[in-house]
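# What follows is a protein structure lacking sequence information:
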C-alpha cells in the first residue's frame, strides 16, 4: 500500500468514526447537560462550594462566576508552582520562577496549556497532577458550559437566566470528561503508554543513546490532552515521544479524541433549540473547513519542492518516521483547528505554505471544530454575523433561530471577533519592533517572522502549539504571551455570555417568507465564506510577510 492510499484510508476512517460519534455521543452530552436530576456526588459538590443547583443565573452572574473561578484557578496554580520545592513528589525540582509560573498558571486556566518549559525537567508530580491535570478538565468544562449557556440564549424566550455555571461545570467534568478519560487511559496503557510515578529511569532512545528521564502519569495526561484541551505534554517531544504515542493506531486515536467532543457538540445545539437540522448545518460548516485544511496541509507537505523532499517522495524533516507525512499532517491540522496544541511533528519544519495553513486554522478562530465548547460558541457567533450580512443584502432585520439580530447583538458578536486579531497583530508588532525580542528568533527573514506570528496566534486563540523555532522562555515573552492568553480567553467569554443574555430576553419571531433558512446548503456555504473572508481581510498582510513570502521564495 502506497503512502497516498494509506493517508486516504487514515482520514476516511477518522471521518466515519466522527460521523458515528456525532449522533451517539452528542445525544449522551445532551442528556448529561439538560437532565433535571443530580447525582449524590454532584449534590455533595454543590454543598461544599455553596451553590444552589435549583437557582439559575443571569448572564452577568454567570460571567462573574466564570471570572471568579478562573481567578482562583490562576492563584492556586501560581502558588503551587512557587512552593513546589516544599511539596511532596517535587522530584527535587526547585520553585518555578515568577514569570514562568505566571505564564503557566494563565496558560492552563485559559485552556491553552502553552509550555515555555520542558515538562519532565521543571514540574514535579504533584504540580502536574493536582494543578495542571485538574485544569485540563475544568478549563475544558468552562468552555462547554459557556457554549451551552449561549445555546440556551437561543432556546429560551423572555428569560433573564442562562442556567447555573456551577451545575454546568460539575456535570461536564463528571458526566462527560472523566468517563472518557478513564476509558481512554485504560486503552492507552494497554497500547504501551507509561502510567506510574517512578523517577530516574534510564531508557534507550530511538537514536541509540541513553537518556535520563522522569517517569510520570503519562497515559492519563495524554488522554486529557486529546480532548481539544491541552497543548502541553509531560515530555518535551509531546505526541512524537513513543511513551506518549507508541503506535500508528494510538496516533489515530489521539486525533479522534481531539475532534470527537467539539464535533459532537452541534448535535447538542440542534436538540436544545428543537431543530436537529440546525446542528447538522453547523457541523457541516466545521467539516468543510476541516477537510479543506487537512487536504491542503497533506498536499503541500507531500509535494514540497526541493531536491531532498522530491527524492524521498515528501518532506520528512521534523516528522516521526513511525507516522509519516500524511498522518503527521492530519494531526497538525486537527490540533490547530482545535484548541489542543498537541503535536506529533515539528510545525517549524513544515513548508512555508503548509505552516501558513496551520496558522490560518487558528486565525479562523478555531471553529472547525474548535476547542471543547469554544469551537461551538465561536461558530455560532460567526453564524450570527452571517445572518447579519445576509439581512443587509436583502434589506431586512436579520434573524437567527427566531431571534432578531439587532444593534446590541451585533456589537457583542463584533467585539468577540475583534479580540484575537488585535491581540495577535499588536503582540507580533511589539515583538518585531524590539531588537531584544527579535533575538529570540532562531531564524531570520519570513520564517523568523512566522515564528513570532505563530506564537501570538497560538496564545491569543488559546491553542498551545508552537513553531518550536523561537526561544520564548524570557520575562518579556512569558509576560506578553500570558496577557494574550488571558485576554484571548476571558474577553470572548464575556461577549458570548452578553450575547446569550440578550437573545434569551427576546420573544421569538415567527418565520416568514423573507426569513433566511439556516439549515440549508446555501447558509452553510455563506457561513464558510464569511468565516474565510473575514479572516483573510484581517490577517492577510501579516501572512503575506511570513508564510506566504516564504512559500513563494
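Received, thanks. Because the structure is predicted, anything quoted here is derived from the model rather than measured. Numbering: from 1, shown residues only.

# contacting residues for residue 26?
The contact partners of residue 26, taken as Cβ atoms under 8 Å, 6 or more residues apart in numbering, are 264, 265, 266, 267, 268, 271, 279. No exception for glycine: its C-beta is placed from N, CA and C like everyone else's.

# and it, backbone torsions?
Taking degrees, to the nearest 10, you get phi -60, psi -40 for the backbone angles of residue 26.

# What of residue 345?
phi -150, psi 160.

# I'd like to know which elements the host helix or strand of residue 526 is packed against.
Per DSSP states H and E, residue 526 falls inside helix 521-543. Counting contacts by 3 or more Cβ pairs under 8 Å, 6 or more residues apart in numbering; DSSP states H and E, helix 521-543 packs against helix 276-302, helix 352-363, helix 374-394, helix 407-433.

# other SSEs contacting the third one?
If I follow you right, that is helix 374-394. With contacts defined as 3+ Cβ pairs under 8 Å, 6+ apart, helix 374-394 has these neighbours: helix 134-155, helix 248-272, helix 276-302, strand 399-400, helix 407-433, helix 475-504, helix 521-543.

# Redo those as a markdown table? Include mean pLDDT, distance to residue 78 and mean neighbour count.
Below are the helices and strands packed on helix 374-394 laid out as a markdown table (pLDDT from 0 to 100; distance: least, Cβ to Cβ, whole Å; neighbours: other Cβ atoms under 10 Å):
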| stretch | mean pLDDT | distance to residue 78 | mean neighbour count |
| --- | --- | --- | --- |
| helix 134-155 | 95 | 12 | 26 |
| helix 248-272 | 94 | 28 | 24 |
| helix 276-302 | 93 | 35 | 21 |
| strand 399-400 | 92 | 40 | 23 |
| helix 407-433 | 95 | 21 | 18 |
| helix 475-504 | 96 | 11 | 23 |
| helix 521-543 | 93 | 32 | 17 |
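
# is it possible to export those to TSV including distance to residue 455?
Listed next are the helices and strands packed on helix 374-394 as TSV, based on distance: least, Cβ to Cβ, whole Å:
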stretch	distance to residue 455
helix 134-155	20
helix 248-272	21
helix 276-302	19
strand 399-400	35
helix 407-433	8
helix 475-504	7
helix 521-543	13
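
# for the stretch 1-150 of the chain, which spans come out with low pLDDT?
Low-confidence segments of the stretch 1-150 of the chain (pLDDT under 70): 1-4, 119.

# coming back round to it: can you tell which of the helices and strands packed on helix 374-394 is closest to residue 344?
Nearest to residue 344 among those is helix 248-272 (6.2 Å), distances taken as Cβ to Cβ.

# From the contact counts, what lies against that closest one?
In this structure, helix 248-272 packs against helix 3-34, helix 134-155, helix 178-191, helix 276-302, helix 324-337, helix 374-394, with contacts taken as 3+ Cβ pairs under 8 Å, 6+ apart.

# How much space separates the residue lying closest to residue 419 once chain neighbours are set aside from residue 63?
Distances taken as Cβ to Cβ, 6 or more residues apart in numbering put residue 491 closest to residue 419, at 4.8 Å, once the chain neighbours are dropped. From residue 491 over to residue 63 the distance is 11 Å, taken as Cβ to Cβ, to the nearest Å.

# cool, residue 475 as well?
31 Å.

# In contact with the closest residue to residue 152 other than its chain neighbours, which residues?
Take residue 152 and drop its neighbours on the chain: the residue closest to it by Cβ to Cβ, 6+ apart is residue 162, 5.1 Å away. Contacts here follow Cβ under 8 Å, 6+ apart; on that basis residue 162 touches 56-59, 62, 149, 152-153, 156, 497, 500-501, 504.
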